[in-house]
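Trainee: Predicted model and sequence follow; I will ask about them next.
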Amino acid sequence: MSTTTGSEREQQSFAEAALRLSGKSDEEARRTGAVDKADDQVESLFAAQYQTVNSPVHKAVWDGQVPMALFSPPPLPATAPCDQAMEKSLEIVRRRRDAGTIYNEQGKISPSVLEELGSAGYWGMLIDQRYGGQGAPFARFARFLTKMATMDPMVAGLASVHGCIGAVDPVRSFGNPEQKERLLPRLASGAALSGFALTEPCAGSDLTALRTTAVPVGDYFEVTGEKLFITNAIPGRSVGLVCVLQGKPAVLIAELPKVEDEHFQVVPYGLYALRTGHNNGLRFNRFRVPKENLLVPKLGDGLTIGYHGLNLGRIALCAGAAGIMRVMLANILPWAEFRKTYGQPINTRELVKRRIARLAGLIAGADALVSWTSWLIDQGYRGELECIIAKIFGSESQKEAAIEIFMKTHGGRSFLKGHLFGDNVYDFLAPCIYEGEGEMLGLAFFKSLVKEHGKAFFEPIGKALQQNKIRSFSPMNPGHLWALRSELGAYAKWSLGQRFSGRDRQQVPGMDSRLAEHVAFALESFHRAPREISGTMSKHQLKLADRQCRMAELSQRLQDTVVMLVTALWAHQQKDEPALAAADILCQDLRRKLTGKRPSDRYFRDAGKLADVIIGGGFEALTGIPRMDILMKYETK
């Protein structure tokens, strides 16, 4: 039996209202609604023109014409004040890598490396200069992460953890002036390296299941509970600690003591991924955090703070994948030249060339998405839809590159100790669940995309059905049609407008014909999308929340369309034939995936030509990428 009051019903989010109308339990509706409300609160932190309804993807789907300018960022300025710190950081890691001194005796990033990077300004890249940071634009930082990932992915990953989802973003975005003055200089220098302690044994994708509590006691909060899978969490570090305070989620900036005691313990466990970093559980028992370390957002609560930094982390993940895939491609080439079958190197074989070209395409797509999404962040956009696409594409591409391309090309040697694949396979796969598991994020993408349309048309229809006590609507029942005449009339008007809307036939001046074909295909796909999305909502109505597979499938097709458009526009700006060819290969792959068509002979020829260019050293994306020794060489005579 529902106990929701009239006032509470008026404040319900779209998701909560839909679940209640569909007959879900009060608890499920309330808890889902809490997450949806946190999302709305994050949305309100951004100026109206930068919120999701005005984002590039939302406008492309619902506005009738794709805002092309919002899918094609301008080139980065040639120089910026942060460049010196970035170059110095890259040189430190390059020197340490060549000397074999990045890792300590436990195989972890050496503390001396972290300290040296701190002196170069590495940990303050995203912190304003007034607090001792570099004040790097996010677009420049993201491109820098790709370069760092080619040298050491864990070093790049720590910058993302610290700056995007650790304590840096919560403090610089939600801290009061005193907190910023006190905390940001230490975070910028690396004196306080940080992580974000959110996940709990029962709270992963369901953040309403938090059990860690904070109780006010004098000048402190006493925290009790357990966190797990927290990266960068060891004694002496800092964490953004999410807990329940007076019944609501809250975030405290907690400085972990250097020595464990009865109030704080690290919970180690065997973890295959992140082997060169630290990822632990944290157990608190009346652990004291000063009250002045509580972050108080202007609107919302701790979930608002937690959601805010996720988009930065999603872009950083894609940027890292772009770097790691470069390393994979660079290390396929010497092996494919060395390995011979029937007297010929395998880099002359069409199947291997196809893999090389496909991997180049994945790199082009990741580069394009990172460039686009990071620019949107710098412009002030929230970027929820766009950053989800970048995260899913980056992580899934890295997984495909590792398994379908890198491992299969290297064969049994992939599993030798010391081989790039064998030593790092878990780190290649784990990003699929970082920052939100891919398919779950795809559902979040769909929910954000349809929310306004649902509020405008389907929520009024649902409420009218409930008010008129109509359990099963029938369009053949005149009484039903009359009872819902106003709501159905509004929807019919929208639907009719969609049916007779003109096609989007925009063209990009001077664009290569190959890319122009992909742009035209994407525009046509966006033109059809509103009717298909709305038709899906109409078909399943209040049961749509239970049709996860249908939503995920439709979500993925929309994401693929966006990737195609962004990659084609990015390649047009590069003015570089190999980059253009790589983008064309990816776009051809995406079009076949969306249409179900078989590859053409032209496609195989295009892949072979691109592979020959890459084998011949003509792919600029591989410049400076280190190449490992071939393991277990045999005599070649």
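Mentor: Done, it's in.
Trainee: Please, where are all the helices along the stretch 251-400 of the chain?
Mentor: Applying DSSP state H, counting those that start in this stretch to the stretch 251-400 of the chain gives helices spanning 302-338, 350-379, 384-400.
Trainee: Could I get these in TSV, plus columns for mean neighbour count and mean pLDDT?
Mentor: The way it works is simple: take the backbone N, C-alpha and C, and place the C-beta from them, glycine included. Converted to TSV, the helices of the stretch 251-400 of the chain look like this (neighbours: other Cβ atoms under 10 Å; pLDDT from 0 to 100):
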stretch	mean neighbour count	mean pLDDT
helix 302-338	25	94
helix 350-379	24	98
helix 384-400	26	98
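Trainee: closest one to Glu255 among the ones you listed?
Mentor: Counting by Cβ to Cβ, Glu255 lies closest to helix 302-338 out of the helices of the stretch 251-400 of the chain; the figure is 17.6 Å.
Trainee: Hmm, Ile630 and Pro334 touching each other?
Mentor: Yes: Pro334 is within contact range of Ile630, at 6.4 Å (criterion: Cβ atoms under 8 Å).
Trainee: Might one say that Leu45 is in contact with Asn311?
Mentor: No: using Cβ under 8 Å, Leu45 is not in contact with Asn311, being 11.9 Å away.
Trainee: Need the residues touching each of these two.
Mentor: Common contacts of Leu45 and Asn311 (Cβ atoms under 8 Å, 6 or more residues apart in numbering): Arg382.
Trainee: What are the neighbouring residues in contact with the residue nearest to Ile392 when sequence neighbours are not counted?
Mentor: Nearest non-adjacent residue to Ile392, counting by Cβ to Cβ, 6 or more residues apart in numbering: Gly438, 4.8 Å away. Contact analysis of Gly438 by Cβ under 8 Å, 6+ apart lists 391-392, 395-396, 432.
Trainee: at 10 Å instead, please
Mentor: When contacts are counted by Cβ atoms under 10 Å, 6 or more residues apart in numbering, Gly438 touches 388, 391-393, 395-396, 399, 431-432, 552, 556.
Trainee: Repeat that for Trp335.
Mentor: Contacts of Trp335 were listed using Cβ under 10 Å, 6+ apart, and they are 345-347, 352, 406, 409-411, 413, 627-628, 630-631.
Trainee: Strands of this structure, start to end?
Mentor: For the chain, applying DSSP state E gives strands covering 194-197, 213-217, 220-231, 238-245, 248-255, 264-267, 279-290, 294-295, 340-341, 344-345.
Trainee: any chance of these in TSV, with mean neighbour count and mean pLDDT too?
Mentor: Converted to TSV, the strands of the chain look like this (neighbours: other Cβ under 10 Å; pLDDT from 0 to 100):
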stretch	mean neighbour count	mean pLDDT
strand 194-197	30	94
strand 213-217	16	97
strand 220-231	21	96
strand 238-245	25	95
strand 248-255	22	94
strand 264-267	16	96
strand 279-290	19	97
strand 294-295	20	96
strand 340-341	12	94
strand 344-345	13	96
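Trainee: could you dump those to TSV with distance to His527?
Mentor: Output for the strands of the chain, formatted as TSV (distance: least, Cβ to Cβ, whole Å):
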stretch	distance to His527
strand 194-197	40
strand 213-217	51
strand 220-231	42
strand 238-245	42
strand 248-255	41
strand 264-267	53
strand 279-290	45
strand 294-295	44
strand 340-341	48
strand 344-345	47
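Trainee: Relative to Lys417, which of the ones you listed is closest?
Mentor: strand 279-290 (21.8 Å).
Trainee: Strand partners (parallel or antiparallel) of the closest one?
Mentor: strand 220-231 (antiparallel), strand 264-267 (antiparallel) (DSSP bridges).
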